[in-house]
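Novice: here's a sequence, model it:
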Amino acid sequence: MKPRAPFWPARGIRAGARTRGFTLLEMLAVILLIGIAAAAVAVSVTQGLASARVAAASGELAAALRATRTQAIVHGNEHTFDVDTRANTYRADDGKVVRLPSGMRIGITSAKEDQVNATTGRIRFFPDGSSTGGHITLQRERRQWRVNVSWLTGAVSVADVSGHR
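Specialist: Reported below is the predicted structural model:
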């Protein structure tokens, strides 16, 4: 029997022969592409979460306004809803103060006689379901939602006014 030749030649790899595998440069390029993709996904997720926070806060605000209107109808007397733009809070009828999440701002447009002070506005609801009307704006970065209150019917609606989908 003939002796077997060693797997690797004694003098190393022959000239011109190539080994299979990736170069360091190719590996770095792939790692860089993965990093860029991960960063893009992180930015997208962060913006999505910010948008969801504003949407959730506007829904909670609308629910609080509707509850205040309902209380006015059920109890047969005027109920109020106050918004403090400096503290980023709102409160219904001397109830619990609700503070918005950090980074979110609140604004109110209401009747002049319902401006409690320079930073606090008010919307009043009457026993027949009507109100003094106005709108409350919630904003976080470029996302903006408006909660509208109809003066005639007291109906509360929410609209995304930032133009994002």
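
Novice: what are the bridge partners for the closest residue to residue 61 other than its chain neighbours, then?
Specialist: The shortest distance from residue 61 to any non-neighbouring residue, by C-beta to C-beta, 6 or more residues apart in numbering, is to residue 147 (5.3 Å). To be clear about C-beta, it is placed using only N, CA and C from the backbone, and glycine gets the same treatment. Beta-bridge pairing for residue 147 (DSSP bridges): residue 136, residue 158.

Novice: ok, which stretches of this protein are helices?
Specialist: Secondary structure of the chain (DSSP state H): helices at 24-75.

Novice: point out the other helices and strands that the helix or strand of it with the lowest mean pLDDT packs with.
Specialist: Least confident element among the helices and strands of the chain, by mean pLDDT, DSSP states H and E: helix 24-75 (a mean of 86). Judged by 3 or more C-beta pairs under 8 Å, 6 or more residues apart in numbering; DSSP states H and E, helix 24-75 is in contact with strand 79-84, strand 89-92, strand 120-125, strand 134-140, strand 143-149, strand 156-160.

Novice: those strands: which one's closest to residue 20?
Specialist: Across the helices and strands packed on helix 24-75, residue 20 has its closest neighbour in strand 143-149 (50.8 Å, C-beta to C-beta).

Novice: the closest one - contacts with which helices or strands?
Specialist: With contacts defined as 3+ C-beta pairs under 8 Å, 6+ apart, strand 143-149 has these neighbours: helix 24-75, strand 134-140, strand 156-160.

Novice: output those as CSV; include the columns distance to residue 99 and mean neighbour count.
Specialist: Formatted as CSV, the helices and strands packed on strand 143-149 follow (distance: least, C-beta to C-beta, whole Å; neighbours: other C-beta atoms under 10 Å):
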stretch, distance to residue 99, mean neighbour count
helix 24-75, 10, 14
strand 134-140, 13, 21
strand 156-160, 20, 16
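
Novice: list the residues that contact residue 59.
Specialist: Applying C-beta atoms under 8 Å, 6 or more residues apart in numbering to residue 59 gives the contacts residue 158.

Novice: so residue 51 sits against residue 141, correct?
Specialist: No - in this structure, residue 51 is not within contact of residue 141 by C-beta atoms under 8 Å, at 9.1 Å.

Novice: I figured residue 99 hits residue 89, correct?
Specialist: Yes - using C-beta under 8 Å, residue 99 is in contact with residue 89, at 5.0 Å.
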